[in-house]
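**Student:** Predicted model follows, preceded by the sequence.
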Amino acid sequence: MPGKNLNVALIGYQFMGKAHSNAWLQAPHFFDLPMQPVMHSLCGRTLEKVKSTAERWGWKNYATDYRELLRNPEIELIDIGVPNNAHPEICLAAAEAGKAIACEKPLARTLKEAKAMHAAVKKAKVKNFVWFNYRRVPAVAMARQLVEQGRIGKIYHVRALYLQDWIKDAQIPLVWRLSKEVAGSGSHGDLCAHSIDMLRYITGDEFAEVCGMMNTFIKKRPIGRMTEGLTTNVNDIKGPQKMGTVHVDDAVWFMCRLKGGGMGTFEATRFATGHHNSNTMEINGEKGAIRFDFPNFSFLEFFDDTLPASEKGWRKISCTTGNHPYAGKYWPADHPIGYAETFVNTAADIVEHMAGKTKTFGANFDDGLRCQEVLEAVALSAQEKRWVNLKEMA
């Protein structure tokens with residue numbers, strides 16, 4: 001039987017580390033949870049930084065070796081918020097130690113790694129979660145409800161765009177997000193993974209086959225490092241600046257056929273001048289259509305094609321009331337929440353599931369694996385210049 005507390009250990013303290021720390025801190029402030037999430041331990045490689053971060057966010061303990069967390073019987077949930085190359089090792093060890101696991105997206109760098117991670121949590125029978133936080137945007141969750149209610153009808157088209165522009169300057173250094181060895185892919189795994197999961201979540205449909213292309217616009221960059229969020233810094237060295245080769249995609253575009261009969265186009269890039277973080281999706285069906293645009297976070301656009309012709313038109317729904325998913329846990333209507341709260345909502349749902357209050361959780365490692373299959377299929381399609389059936393990824 002679950003206890004009154006849920007002892008959480010977080011590995012990683014940078015961009016996602018901050019988002020997850022805030023989520024565990026704030027979740028019990030806004031949600032009436034069946035268990036109290038306890039910020040037990042924070043782990044990071046640099047002692048001084050992990051210590052100061054733990055003190056800032058309220059983590060009770062800190063460590064520089066994640067194995068210490070796995071050996072601690074008090075810790076029940078391991079939260080993985082580090083770069084992609086470290087996901088498999090930590091996940092496999094945590095599963096073997098019998099810990100529940102919450103992992104950042106994408107699940108891994110490759111499908112092979114994702115399959116191993118998926119198999120490990122299944123074998124160990126531990127609860128598992130993936131931080132696909134856009135599922136917890138009230139407008140996105142509302143879109144799912146409209147589809148489930150049959151308001152959209154049979155789906156014909158999906159158009160997904162995830163546009164950023166933070167690396168189009170050639171002086172932006174070669175950081176881990178641009179390293180195939182560390183990240184596995186570029187905009188594809190970082191951005192397209194969100195769009196792929198959003199499509200699966202909103203529609204309940206699955207990808208049947210894909211055909212894609214990728215491009216790396218700037219192939220050489222100065223060696224550097226991430227400093228905070230998406231901020232970078234060129235390494236301080238004496239003499240000529242060392243350059244490195246970029247082996248991941250700067251941009252990806254693919255079309256797909258869905259098992260339900262619909263078709264879609266997906267684009268992700270870090271070279272879309274004028275777009276800092278534009279995540280949009282439009283779904284057109286026989287009875288209606290929905291459209292979401294992340295910069296307009298609080299709103300879902302809905303077109304009801306069942307209305308009389310004189311009444312038809314795009315409606316802009318403010319998803320900020322108590323009748324909308326998650327929104328009612330925070331402020332009065334039209335007092336919007338934001339990006340940070342998508343992680344708070346995810347943490348709250350994790351706690352509910354850990355307490356046995358929900359039978360299933362989305363997204364889990366099943367969803368992470370399905371996403372990884374699509375990512376790999378698109379990469380294979382781009383490499384071999386052909387359509388790839390998702391059955392090839394089995």
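**Tutor:** Structure's in. What do you need?
**Student:** can you tell me how far residue 376 sits from residue 143?
**Tutor:** 27 Å (CB to CB, to the nearest Å). For the C-beta atoms, the positions are set from N, CA and C on the backbone; glycine is no exception.
**Student:** following the longest helix along the chain, which helix or strand shows up next?
**Tutor:** Counting residues, the longest helix found in the chain (DSSP state H) is helix 365-384. The element immediately downstream of helix 365-384 (helix or strand, assigned by DSSP states H and E) is strand 388-389.
**Student:** What is that next one packed up against?
**Tutor:** Judged by 3 or more CB pairs under 8 Å, 6 or more residues apart in numbering; DSSP states H and E, the packing partners of strand 388-389 are strand 207-215, helix 365-384.
**Student:** so how far is the longest one off the chain centroid?
**Tutor:** Mean-position distance between helix 365-384 and its chain equals 15 Å (CA atoms, centre = their mean, to the nearest Å).
**Student:** For it, could you pull out the residues that count as buried?
**Tutor:** 365-382 (16 or more other CB atoms under 10 Å).
**Student:** Pull out the CA atoms of that helix and give them to me as CSV.
**Tutor:** Output in CSV follows, covering the C-alpha atoms of helix 365-384 (Å, rounded to 0.1, in the frame of the first residue of the first chain):
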residue,chain,number,x,y,z
PHE,A,365,7.2,4.1,-21.6
ASP,A,366,4.8,2.5,-24.1
ASP,A,367,4.1,6.0,-25.4
GLY,A,368,7.8,6.8,-25.3
LEU,A,369,8.6,3.7,-27.4
ARG,A,370,5.9,4.5,-29.9
CYS,A,371,7.3,8.0,-30.4
GLN,A,372,10.8,6.6,-30.8
GLU,A,373,9.6,4.2,-33.5
VAL,A,374,8.3,7.2,-35.5
LEU,A,375,11.4,9.2,-34.9
GLU,A,376,13.6,6.3,-36.2
ALA,A,377,11.3,5.6,-39.1
VAL,A,378,11.5,9.2,-40.3
ALA,A,379,15.3,9.2,-39.9
LEU,A,380,15.5,5.9,-41.9
SER,A,381,13.3,7.4,-44.6
ALA,A,382,15.4,10.5,-44.9
GLN,A,383,18.6,8.4,-45.1
GLU,A,384,17.2,5.9,-47.7
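**Student:** Tell me what angle it forms with strand 207-215.
**Tutor:** 50 degrees (axes from the mean of the first three to the mean of the last three CA atoms, to 10 degrees).
**Student:** now the helices and strands packed on strand 388-389 as CSV including mean pLDDT?
**Tutor:** Listed next are the helices and strands packed on strand 388-389 as CSV, based on pLDDT from 0 to 100:
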stretch, mean pLDDT
strand 207-215, 98
helix 365-384, 98
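**Student:** Now do the SS call for residue 89.
**Tutor:** Following DSSP: H, G, I helix; E, B strand; the rest coil, the label given to residue 89 is helix.
**Student:** what's near enough to touch the most centrally placed residue in the chain?
**Tutor:** What sits nearest the mean C-alpha location of the chain, by CA atoms, centre = their mean, is residue 132, with 3.4 Å. Residues near residue 132 by CB atoms under 8 Å, 6 or more residues apart in numbering: 105, 193, 194, 197, 198, 201, 363, 367, 371.
**Student:** That'll do, ta.
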